[in-house]
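[1] Sequence first, predicted coordinates after that:
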Amino acid sequence: MDIQDFIKNFADQFDDTDASVFTAETRFRDLEEWSSFLALAIMAMVKSEYDVALSAQEMRDAETVQDLFDTVKSHI
Amino acid sequence: MVTGASSGIGRATAILCAGMGAKVFLNGRNAERLQETLRQLEGEGHTVCCCDITDESAVGQAVAEMPILDGIALCSGIAQMTPFQFIDRKVLDKVMENNFCSPVMLVNTLLKVKKVQKGSSVVFVSSVDGSKVVHAGNSVYSASKSALVGMARNMAIDLMGKKIRVNCVLPGTTDTSMIHTENVTEEMLQETAKSLPMKRFAKPEEIANAVVFLLCDASSYITGTELVVDGGSSII
């Protein structure tokens, strides 16, 4: 599991935020486009790409893209 | 007969039917929870049938053992929350099978083997989702539940000659195990509840009241319609 691929998959869920904005350190909740629907889309992306079913609590606990990557990785 | 009787709206409906003097035929997937429902029923003569209504052969066997029915409440169903771009054929088939095809085919099978009494009532528990409101990420569930509305209206016409009434109850979000899933936190649920006109979700008993109204003769001139029970959430 590669962090750069994960960042790309993460960024792909956003329609209005440029992909260049996303790094491992991005605090995604601070982005203007962030919404509860995007949280659902990220969880669906993780299930589809990595076959990991994240809980809503795990999603809430993650502050940065790296945090979420680590959580997903811990399930693989 | 009450399907989905092992929990939530199905259990509350079974309890209310028994409280009003019905002999209830309970169906559900979980034997232990069905027994718990049975323990909560007033009166005598209730029967438990543990089978998955998506399993055609199990349904065939169960139907053979059933008494003639005066009312059928179809309360079983599954939730599914996935943004549209992530759904696939497998998810679509699973939800449509559980929420639409199986309950409809159960009634169809019961009619074919003449287990539905003339003058009886069929009630599908649909949802406001799809027919009245939409929620992001809920496309498949909405489609399956609003398909029931279209089917029930047509069934009402086709079964008029048999004096069988067919209606739907459309609940808003109801406080059952269905909404307490892994992809929502309790905090998120509380926030959602606060955003509703009545500042709370429906109780299963409040939906059961509507189901039993449509099952009994108090609604004898009502067929092919939908009763919305959503605390006003679809009008704002």
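    Arrived safely. Just so we're clear, the structure is a prediction, and the values are computed from it rather than from any experiment.
[2] Any figure for the gap between the most centrally placed residue in chain B and residue A:76?
    Geometric centre of chain B, nearest residue: residue B:75, 2.1 Å, by C-alpha atoms, centre = their mean. Using C-beta to C-beta, to the nearest Å, residue B:75 is found at 38 Å from residue A:76. (C-beta placed from N, C-alpha, C; glycine too.)
[3] quick revisit: would you confirm that the residue nearest to the centre of chain B contacts residue B:9?
    Yes. Using C-beta atoms under 8 Å, residue B:75 is in contact with residue B:9, at 4.9 Å.
[4] Next, show the common contact partners of those two.
    B:125, B:211 (C-beta atoms under 8 Å, 6 or more residues apart in numbering or on different chains).
[5] Not counting sequence-adjacent ones, nearest residue to whichever residue of chain B sits closest to chain A?
    Here chain B gets closest to chain A at one residue, residue B:86, 3.7 Å apart by C-beta to the nearest C-beta. The shortest distance from residue B:86 to any non-neighbouring residue, by C-beta to C-beta, 6 or more residues apart in numbering or on different chains, is to residue A:44 (3.7 Å).
[6] How far off centre is stretch B:181-189?
    Taking C-alpha atoms, centre = their mean, to the nearest Å, one finds stretch B:181-189 lying 23 Å from the centre of the chain it belongs to.
[7] can you check stretch A:40-55 too?
    The chain centroid and the centroid of stretch A:40-55 are separated by 9 Å, computed with C-alpha atoms, centre = their mean.
[8] Give me the number of neighbouring residues for residue B:215.
    For residue B:215, the neighbour count with other C-beta atoms under 10 Å in any protein chain shown is 26.
[9] what sits against the residue of chain B closest to chain A?
    Neighbouring residues of residue B:86 by C-beta under 8 Å, 6+ apart: A:41, A:44-45, A:47-48.
[10] name the helices or strands packed onto the helix or strand hosting residue B:107?
    Following DSSP states H and E, one finds residue B:107 within helix B:102-112. Other elements packing on helix B:102-112 under the criterion 3 or more C-beta pairs under 8 Å, 6 or more residues apart in numbering or on different chains; DSSP states H and E are helix B:56-65, strand B:69-74, strand B:116-125, helix B:139-158.
[11] Which one of those has the poorest average confidence?
    Note on the helices and strands packed on helix B:102-112: helix B:56-65 shows the lowest mean pLDDT, a mean of 90.
[12] got a list of contacts for that one?
    By C-beta under 8 Å, 6+ apart, helix B:56-65 touches B:27, B:49, B:51-53, B:102, B:105-106, B:109-110, B:113, B:115.
[13] which of these are buried?
    When these are checked for burial by 16 or more other C-beta atoms under 10 Å in any protein chain shown, the buried set is B:27, B:49, B:51, B:53, B:102, B:106, B:109-110, B:115.
[14] And the pLDDT for the residue located most distally from the centre of chain B?
    Within chain B, the residue lying farthest from the chain centre (C-alpha atoms, centre = their mean) is residue B:85, at 27.6 Å. If you check residue B:85, the pLDDT there is 94.
[15] Equivalent analysis for residue B:68, please.
    For residue B:68, pLDDT reads 95.
[16] so it makes contact with residue B:117?
    Yes. Because the distance of 5.3 Å satisfies C-beta under 8 Å, residue B:68 is recorded as touching residue B:117.
[17] What parts of chain A come near chain B?
    Contacts of chain A with chain B, taken as C-beta under 8 Å from any C-beta of the partner chain, map to A:36-37, A:40-41, A:43-45, A:47-48, A:53-57, A:60.
[18] Whichever of those residues end up buried, select them in PyMOL.
    Burial among the residues of chain A next to chain B is assessed by 16+ other C-beta under 10 Å; the matching PyMOL selection reads:
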select buried, chain A and resi 40+41+43+44+45+54+56
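[19] Secondary structure element holding the residue nearest to residue B:86?
    Using DSSP H and E, the element containing residue A:44 is helix A:36-50.
[20] residue in chain A nearest to chain B?
    Counting by C-beta to the nearest C-beta, chain A gets nearest to chain B through residue A:44 (3.7 Å).
[21] Distance check, that residue against residue A:10.
    Counting by C-beta to C-beta - residue A:44 and residue A:10 are separated by 12 Å.
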